[in-house]
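Student: What shape does this take:
(2 chains)
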Amino acid sequence: MNKNKEQLLNKRYKAEQRFRLYGLSAIFMALLFLTIFIFKIFSTGYSAFQKTWLIVPVTFDAELMMLDQNPSKEDLQDADYYDIALKSMADLDPNANEDQENELKRMVSYFFEKEIKNELLNDPDLIGKTKEVYLTASDDLDQVFKGNYPRDLPEDQRRVSDYQLKIFDQLVANGKVESKFNISFFTNADSREAELAGIASSFMGSIFSILVCLMIAFPVAVLAAIYLEEFAPKNRFTDFIEVNINNLAAVPSIVFGLLGLGVLLAIFQLPRSTPLVGGITLSLMTLPTIIIAARASLKAVPPSIREAALAMGASRMQTTMHHTVPLSMPGTLSGTIIGLAQALGETAPLILIGMVAFVNTIPGSPMDPAASLPVQIYIWAESAERGFVEKVSACIMVLLGFLIIMNLFAQIIRHKFEKKWS
Amino acid sequence: MRKNGVKMIKIKAKDVDVFYGKKQALFNISLDIEENQVTALIGPSGCGKSTFLRCLNRMNDVIDICSVKGEILINDFNINDKSCDVVRLREKIGMVFQKPNPFPKTLYENVSYGPTIHGMAQSKQEMDEIVETSLKKAALWEEVKDRLHEPGTGLSGGQQQRLCIARAISVRPEVILMDEPCSALDPIATAQIEELIDELKKEHTIIIVTHSMAQAARVSQNTGFFHLGQLIEHGSTDKIFKNPDNKKTQDYITGRFG
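Tutor: Residues are numbered from 1 along each chain as shown, chains lettered A, B, ... in the order given. Coordinates of the predicted model:
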């Protein structure tokens, strides 16, 4: 009998030990996946924050630019920079033939002409002089410099020719290639050219969408939650509403996208591809999340507080507005932020309402066409060019950073403003 | 209190029935409550004494399935009448609950809440006075006068309950309902509250629900004994405890059941 008991006890201890082990290994697995994921993103993405520049001597030849003596500002604006730009690239190899000159030109971005122009506009005294100008390297050379380009492929399978590589290597050897922080990734809108593409448009698109979403979803959801929790009678009809709010939270987001397409675009004729429509669509998605969070935190306010207020002669409205709602706000707000964070990462509905369109301008209001960060990831991931690979990861990093900040904010609100009652 | 030798009746309950859905919780309760006296309601758990107490300021309205029938006359006015405004009623009938439930706000805000919503103070100075006198009457002023702007939830249990009493008397109610106000408190805090009740009865009519027969005997002048939703017996505390008419009362008082 006693021995039996001993065995039983041992068994119980062992069961607990096993359970702890399972738990630990589950946590370990989760952390491992997270680490692999983050490592992968960072190792491919970090290089997108660097940009490769070729330092090329440019001679600002007034004649080639078709400039008269003492040109005015407007003259400088209208001058022809193409020839000097072309010439400065061709001069990299004095012996180049026409084909090779063409190849030399393709070593820098399409905008090299503009970069040279800006240089002169900043300093008009450069006319007639030679200056070394920083030109954005083409995305392929950018990848070569970052070591992401397979140089050992046969030439006909590469987008960079042997000749370009040879000149590029010479430039590297002379210290004429430099890597600097990629500001344009944050200030440029999307572009077909990987070296010029940036996230400014999609970032602003995301911000506008989230703001529209917040301004619609938050008041509606909070009012609905307060009414349902504090005022509505408990009967079959309110039960039905409650069940359907929960159902709404489970509806796949693409369905909301179709709704946005069918109602907002087709019936209300709102402008396509805009954060306004995107935000409204996302607010439909966020609404049930906020309602559920707000109701949960209203429920968590102890009934004794309501009774105390009612017994003091406060009306139902006063009880709700003076006590219940303020006490539930931390929970409601952090629920709202979590809902917005979900909306921020949402792609499918935005694709359906046209926010997937190629937008190379930065939106100034929710009525301007824009992309959003997750959609930008989708667009770039679809692009074949090698230069976009690191951009995808970099964009994911920005999106994740955004999400982490929002969740952190939710946590802070929850901890800082949560009231403790006895 | 007697005027010209006649007991002044503050509250007169006539044939009060209470239902929770289909279940009847109170049967035909008729009870007179004297002005400026402490009336204790005793009885075993679930006997309906708290339910009856909550009828007196219509707190049962909050419970959807609860319905109250019968007449409750306060100052000869039927509070179950449709014309009765619960906000005005609860201004006159304060309540202290079983568990101390201060608002998670400062002490000052706790006490000033009632006067604020009922517009009882014209100026900050007047409000300060109301807060001070209420806290003094609740015998809490000396302990908290230096920390009026700290959260009320930071006090000890007994202090919190006295804060709740201060909050209840801040609107100068005619009647104070107390629902087992000491059941969550230690003996010292209980003694303080009981002392306070004795003091408060000079200005207010007090009805207290209690589990402790000793407490009922100590603080009350009148006692009503509830059992299974019926008011078995009521009368002066002396009589109920020393010479009850009903056998059940006798059994309960002597601890044979409950």
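
Student: Report the separation between the residue positioned nearest the centre of chain B and residue B:246.
Tutor: Nearest to the mean C-alpha position of chain B, by Cα atoms, centre = their mean, lies residue B:177 at 1.4 Å. Separation of residue B:177 from residue B:246 (Cβ to Cβ, to the nearest Å): 25 Å. Quick note: C-beta positions are derived from backbone N, CA and C, even for glycine.

Student: same check, this time on residue B:182
Tutor: Distance, residue B:182 to residue B:246, by Cβ to Cβ: 26 Å.

Student: Between these two, which has more neighbouring residues?
Tutor: residue B:182 (26 against 13; other Cβ atoms under 10 Å in any protein chain shown).

Student: Not counting its neighbours along the chain, what's nearest that one?
Tutor: residue B:190 (4.2 Å; Cβ to Cβ, 6 or more residues apart in numbering or on different chains).

Student: and the one you found, what does it touch?
Tutor: B:158, B:182, B:215 (Cβ atoms under 8 Å, 6 or more residues apart in numbering or on different chains).

Student: would you say the last one is within a helix?
Tutor: To tie it back to what came earlier, the one meant is residue B:215. Yes - judged by DSSP: H, G, I helix; E, B strand; the rest coil, residue B:215 forms part of a helix.

Student: ok, it touching residue B:197?
Tutor: No - using Cβ atoms under 8 Å, residue B:215 is not in contact with residue B:197; the gap is 9.4 Å.

Student: how far does stretch A:78-97 stretch from start to finish?
Tutor: Using Cα to Cα, to the nearest Å, the end-to-end distance of stretch A:78-97 comes out at 30 Å.

Student: Buried ones in it, by neighbour count?
Tutor: A:79, A:81, A:84, A:85, A:86, A:88, A:89, A:90, A:91, A:92, A:93, A:96 (16 or more other Cβ atoms under 10 Å in any protein chain shown).

Student: same thing with stretch A:59-70?
Tutor: A:60, A:61, A:64, A:65, A:67.

Student: Please apply the same query to stretch A:105-115.
Tutor: Result for stretch A:105-115 [16+ other Cβ under 10 Å]: buried residues A:105, A:106, A:107, A:108, A:109, A:111, A:112, A:113, A:115.

Student: isn't there a strand covering residue A:92?
Tutor: No - judged by three-state DSSP, residue A:92 forms no part of a strand; its state is coil.

Student: from what I can see residue A:379 touches residue A:355, true?
Tutor: No - judged on Cβ under 8 Å, residue A:379 makes no contact with residue A:355 at a distance of 10.0 Å.

Student: re the thing from before, residue A:321: which of the buried residues of stretch A:78-97 is nearest?
Tutor: In terms of Cβ to Cβ, no member of the buried residues of stretch A:78-97 lies closer to residue A:321 than residue A:81, at 65.1 Å.

Student: which ones are touching the closest one?
Tutor: Residue A:81 neighbours (Cβ under 8 Å, 6+ apart): A:65, A:113, A:114, A:116, A:117, A:120.

Student: residues near the fourth one, how many?
Tutor: Residue A:116 has 24 neighbours, counted by other Cβ under 10 Å.

Student: quick revisit: can you tell me which of the contacts of residue A:81 lies nearest to residue A:258?
Tutor: residue A:114 (41.6 Å).

Student: what's the closest non-adjacent residue to the closest one?
Tutor: Using Cβ to Cβ, 6+ apart, the closest residue to residue A:114 is residue A:81 (7.8 Å).

Student: Now do that neighbour against chain B, distance only.
Tutor: Distance, residue A:81 to chain B, by Cβ to the nearest Cβ, to the nearest Å: 69 Å.

Student: can you check residue A:218 too?
Tutor: Distance from residue A:218 to chain B, by Cβ to the nearest Cβ: 24 Å.

Student: Over to residue A:397?
Tutor: 41 Å.

Student: what do you get for residue A:399?
Tutor: 38 Å.

Student: Could you export the stretch of helix or strand residue A:58 belongs to as CSV, CA atoms only?
Tutor: Element membership of residue A:58, judged by DSSP states H and E, is strand A:50-59. What follows is strand A:50-59 as a C-alpha-only set of coordinates in CSV (Å, rounded to 0.1, in the frame of the first residue of the first chain):
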residue,chain,number,x,y,z
GLN,A,50,22.7,51.5,-48.1
LYS,A,51,22.9,52.9,-51.6
THR,A,52,25.8,52.7,-54.0
TRP,A,53,27.1,55.9,-55.6
LEU,A,54,29.5,56.3,-58.5
ILE,A,55,31.8,59.3,-58.2
VAL,A,56,32.1,60.6,-61.8
PRO,A,57,34.0,63.7,-62.9
VAL,A,58,31.5,66.0,-64.8
THR,A,59,32.6,68.9,-66.9
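
Student: What residues sit buried inside it?
Tutor: A:50, A:51, A:52, A:53, A:54, A:56, A:58.

Student: ok so, going back, residue contacts, the residue nearest to the centre of chain B?
Tutor: B:53, B:54, B:56, B:57, B:93, B:94, B:95, B:96, B:207, B:208.

Student: run the last query once more with 6 Å
Tutor: B:53, B:56, B:95, B:207 (Cβ atoms under 6 Å, 6 or more residues apart in numbering or on different chains).

Student: residues near the nearest residue to the third one once chain neighbours are set aside, how many?
Tutor: Across the structure, with Cβ to Cβ, 6+ apart as the measure, the residue nearest residue B:95 apart from its sequence neighbours is residue A:311 (3.9 Å). The number of residues packed near residue A:311 is 27, by other Cβ under 10 Å.

Student: what's the following helix or strand after whichever strand or helix holds the residue nearest to the centre of chain B?
Tutor: Using DSSP H and E, residue B:177 falls within strand B:175-179. Sequence order places helix B:187-200 as the next helix or strand after strand B:175-179, per DSSP H and E.

Student: now that next one against strand B:175-179, angle please.
Tutor: 160 degrees (axes from the mean of the first three to the mean of the last three Cα atoms, to 10 degrees).

Student: Which SSE is immediately downstream of helix B:187-200?
Tutor: Using DSSP H and E, the first helix or strand after helix B:187-200 is strand B:205-209.

Student: So what touches that next one?
Tutor: With Cβ under 6 Å, 6+ apart, strand B:205-209 has contacts from B:10, B:35-36, B:38-41, B:49-50, B:53, B:175-180.

Student: ok, so of the residues you listed, who is nearest residue A:304?
Tutor: residue B:179 (11.1 Å).

Student: for the closest one, what are its contacts?
Tutor: Taking Cβ under 6 Å, 6+ apart, one finds B:50, B:53, B:97, B:98, B:209 in contact with residue B:179.

Student: from those, which single one is nearest residue B:110?
Tutor: Closest to residue B:110, out of all of these and judged by Cβ to Cβ, is residue B:97, at 13.6 Å.

Student: What number of residues are in the vicinity of whichever residue of the stretch 101-250 of chain A sits closest to chain B?
Tutor: Of all residues in the stretch 101-250 of chain A, residue A:234 sits closest to chain B, at 5.8 Å by Cβ to the nearest Cβ. Burial of residue A:234 is recorded as 11 neighbouring residues (other Cβ under 10 Å).
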